[in-house]
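> okay, here's the prediction I keep looking at, along with the sequence it came from:
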Number of protein chains: 2
Amino acid sequence: MKTVAIFSGGLDSTVLAHELLAAGDEVLLLSIDYGQRHRKELVFAENFAKKQGLVWKLADLKSIAGLLGGNSQTSSAVAVPHGHYAEENMKLTVVPNRNMIMLAVAGGWAVSEKADRLAYGAHAGDHTIYPDCRPEFVRAMAAALELCDWHKLAMFTPFVSRSKADIVRRGAELGVDFAATWSCYEGGEIHCGQCGTCYERREAFERAGVADPTHYAVRAKYAEPPNFS
Amino acid sequence: MKTVAIFSGGLDSTVLAHELLAAGDEVLLLSIDYGQRHRKELVFAENFAKKQGLVWKLADLKSIAGLLGGNSQTSSAVAVPHGHYAEENMKLTVVPNRNMIMLAVAGGWAVSEKADRLAYGAHAGDHTIYPDCRPEFVRAMAAALELCDWHKLAMFTPFVSRSKADIVRRGAELGVDFAATWSCYEGGEIHCGQCGTCYERREAFERAGVADPTHYAVRAKYAEPPNFS
């Protein structure tokens, strides 16, 4: 099976890549530069691909960041909000229609490579904040991707109903080197420990009962009891 | 109603823009540079927007052309096929997943502008060749676009079950200046008259019974009797 995977260099998509390799797939990795502040993740992505000897491409979409308005991920004028993912201010981190754009571009590459499937690591925790991680959005995109070429392209989203803790557990089973993955939205020297995705990463390891190898600048107390597992 | 329209500067999307203006919409136009050989259409797009005093943006996606393989639209190594749209060799003109990519990027802008709808001029004649113009593809994308943000974004595709001749008839009613639209895939000084989209354009005017103001370099005989209306 030939699979194109959307691959950020983060925890979820790295576990996804291992999942595909464990299944014996021919894996092609696509990272997307959409002007994200935490472009450091792209270095982690490239390093992973090199280490695994996989085809890796970077789609440069920086030129459209200006269309996507003021959000903390693509605009230096908007600060990355600190706190728990479930909090209202995390909506500042939403990049309009980001996932459809990534799926569309990856789908174009998959069609041109005559790949059998397109893999994407959205998980259940994402859709507290991100409308384009909802299972119904993913289903609609899967239907569109099946029809976008005469050759049928399937979508593979094994984590869409799983928690990030489940992904950590699965990653541990697969022997993933978690220290070689990047999550933090700040994109600094080490993980900040205070942005939504740092909170979520820490929580996931705690809930999974897996040792967290991440160096966090601050191990902030959770502002509220974590309310998703 | 605030509407973002995908606007190539071609005949279909120009009639679409007039349709929206006639409905009293606030219209924002988006053109996409995907490295197409007939980038001349983008000049026609910009001229139209200036003349109408509309907001017009150009999304620069040239950087991803390399992901989309060898097709006659984005690769100078592949010649534009001549002949009727319905012929097998026209498949060379398919840009993998082009329409999903355009809809996704335009959807991102529409979300960021809190637009009510996204308009797109696919028509029934397109899907002889292009899988991503099929009504079932358009329906799946409409479902995904409705879900891509918490604010509902509707898709507006008034021509999806109409022929190009119907579009020409509608354009004539709306007073469209057809001479100010560009179709030809060759992107030369004037319309070549021999590529699939020139054939289709000529046919549409003939079938609509509307005078065709286009200067064609060659008025080639149709290779076969036109078989769609």
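Perfect, thanks for sending it.
> low-confidence ranges in chain A?
Applying pLDDT under 70 to chain A flags the ranges A:70-94, A:126-128, A:220-229.
> show me the helices in it, by range?
A:11-22, A:40-52, A:98-112, A:135-147, A:164-173, A:196-208 (DSSP state H).
> the lengthiest strand in chain A pairs with which strands, parallel or anti?
If you go by DSSP state E, chain A has its longest strand at strand A:26-33. Here strand A:26-33 has these sheet partners by DSSP bridges: strand A:2-6 (parallel), strand A:55-60 (parallel).
> buried residues in that strand?
For strand A:26-33, the neighbour count (16 or more other C-beta atoms under 10 Å in any protein chain shown) marks A:27-33 as buried. Yep, even glycine has a C-beta here, placed from its N, CA and C like the rest.
> kindly report the same for stretch A:160-173.
By 16+ other C-beta under 10 Å, the buried positions in stretch A:160-173 come out as A:160, A:162-172.
> go on, stretch A:181-197?
So for stretch A:181-197, counting by 16+ other C-beta under 10 Å, buried means A:181-187, A:191-197.
> which residues touch residue A:146?
Applying C-beta atoms under 8 Å, 6 or more residues apart in numbering or on different chains, we find residue A:146 in contact with A:152-155, B:140.
> rebuild these as a markdown table, extending it with distance to residue A:123 and neighbour count.
Output for the contacts of residue A:146, formatted as a markdown table (distance: C-beta to C-beta, whole Å; neighbours: other C-beta atoms under 10 Å in any protein chain shown):
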| residue | distance to residue A:123 | neighbour count |
| --- | --- | --- |
| A:152 | 25 | 11 |
| A:153 | 22 | 22 |
| A:154 | 19 | 15 |
| A:155 | 15 | 20 |
| B:140 | 23 | 22 |
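> which residue of chain A sits farthest from its center?
Ranked by distance from the centre of chain A (C-alpha atoms, centre = their mean), the top residue is residue A:150, with 28.4 Å.
> hang on, that one packs against residue B:132?
No. Counting by C-beta atoms under 8 Å, residue A:150 does not reach residue B:132; the two are 10.1 Å apart.
> what's across from residue A:117 in the sheet?
Here residue A:117, judged by DSSP bridges, has bridge partners residue A:3, residue A:154.
> thought it was touching residue A:153?
Yes. Counting by C-beta under 8 Å, residue A:117 sits close enough to residue A:153 to count as a contact (6.7 Å).
> overlap of the contact sets of these two?
Common neighbours of residue A:117 and residue A:153 are listed as residue A:110 (criterion: C-beta under 8 Å, 6+ apart).
> how about the residue farthest from the centre of chain A, what does it touch?
Residue A:150 sits in contact with residue B:131, where contact means C-beta under 8 Å, 6+ apart.
> and it, how close does it get to residue A:116?
14 Å (C-beta to C-beta, to the nearest Å).
> for residue A:98, same thing?
Distance, residue A:98 to residue A:116, by C-beta to C-beta: 25 Å.
> quick one: neighbours of residue A:40, just the number.
16 (other C-beta atoms under 10 Å in any protein chain shown).
> my bad, should have said residue A:51
Neighbours of residue A:51 using other C-beta under 10 Å come to 10.
> residues in contact with the residue lying closest to it once chain neighbours are set aside?
Once flanking residues are discounted, residue A:51 sits nearest to residue A:180: 7.9 Å by C-beta to C-beta, 6 or more residues apart in numbering or on different chains. Residues in contact with residue A:180, defined by C-beta under 8 Å, 6+ apart, are A:14, A:44, A:47-48, A:51.
> which of those count as buried?
Using 16+ other C-beta under 10 Å, the buried ones in the contacts of residue A:180 are A:14, A:44, A:48.
> name the nearest residue to the second one, sequence neighbours excluded.
Computed as C-beta to C-beta, 6+ apart, the closest residue to residue A:44 that is not its neighbour in sequence is residue A:9, at 3.5 Å.
> isn't that neighbour right next to residue A:43, touching?
Yes. Residue A:9 lies in contact with residue A:43 (C-beta under 8 Å); the separation is 7.2 Å.
> for the two, indicate the residue with more neighbours.
Taking other C-beta under 10 Å, residue A:9 and residue A:43 do not tie; residue A:9 has more neighbours (26 against 13).
> next, the contact list for the more buried one, please.
Taking C-beta under 8 Å, 6+ apart, we find residue A:9 in contact with A:31, A:41-48, A:181-182.
> save these as CSV, and put in distance to residue A:136 too.
Shown next, in CSV, are these (distance: C-beta to C-beta, whole Å):
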residue, distance to residue A:136
A:31, 26
A:41, 27
A:42, 30
A:43, 34
A:44, 31
A:45, 28
A:46, 33
A:47, 35
A:48, 31
A:181, 28
A:182, 29
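> which one among those gets closest to residue A:108?
residue A:31 (14.7 Å; C-beta to C-beta).
> quick revisit: which residues are contacting the longest strand of chain A?
Contact with strand A:26-33 is made by A:1-9, A:17, A:20-21, A:39, A:41-42, A:45-46, A:48-49, A:54-62, A:101-102, A:105-106, A:109, A:113, A:115, B:67, as judged by C-beta under 8 Å, 6+ apart.
> of those residues, just the buried ones, PyMOL syntax please.
This is how PyMOL selects the buried members of those, with burial counted by 16+ other C-beta under 10 Å:
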select buried, (chain A and resi 3+4+5+6+7+8+9+17+20+21+41+42+45+46+48+49+54+56+57+58+59+60+61+62+101+102+105+106+109+113+115) or (chain B and resi 67)
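> returning to that earlier point: and the buried residues of stretch A:181-197, which is closest to chain B?
residue A:196 (17.0 Å; C-beta to the nearest C-beta).
> that closest one touches residue A:185, doesn't it?
Yes. At 6.9 Å, residue A:196 counts as touching residue A:185 under the criterion of C-beta under 8 Å.
> let's have the strands paired with strand A:26-33 in TSV, adding distance to residue B:210.
Below are those laid out as TSV (distance: least, C-beta to C-beta, whole Å):
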stretch	distance to residue B:210
strand A:2-6	44
strand A:55-60	41
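> which one of these lies nearest to residue A:203?
strand A:2-6 (23.1 Å).
> using PDB, list the CA coordinates for the closest one.
Output of strand A:2-6 as PDB, limited to C-alpha atoms (Å, rounded to 0.1, in the frame of the first residue of the first chain):
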ATOM      1  CA  LYS A   2       1.400   3.400  -1.000                       C
ATOM      2  CA  THR A   3       0.400   6.100   1.500                       C
ATOM      3  CA  VAL A   4       1.000   9.900   1.600                       C
ATOM      4  CA  ALA A   5       1.000  11.100   5.200                       C
ATOM      5  CA  ILE A   6       0.600  14.700   6.400                       C
END
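> just want the angle from that strand to helix A:98-112.
Strand A:2-6 runs at 160 degrees relative to helix A:98-112, counting by axes from the mean of the first three to the mean of the last three C-alpha atoms, to 10 degrees.
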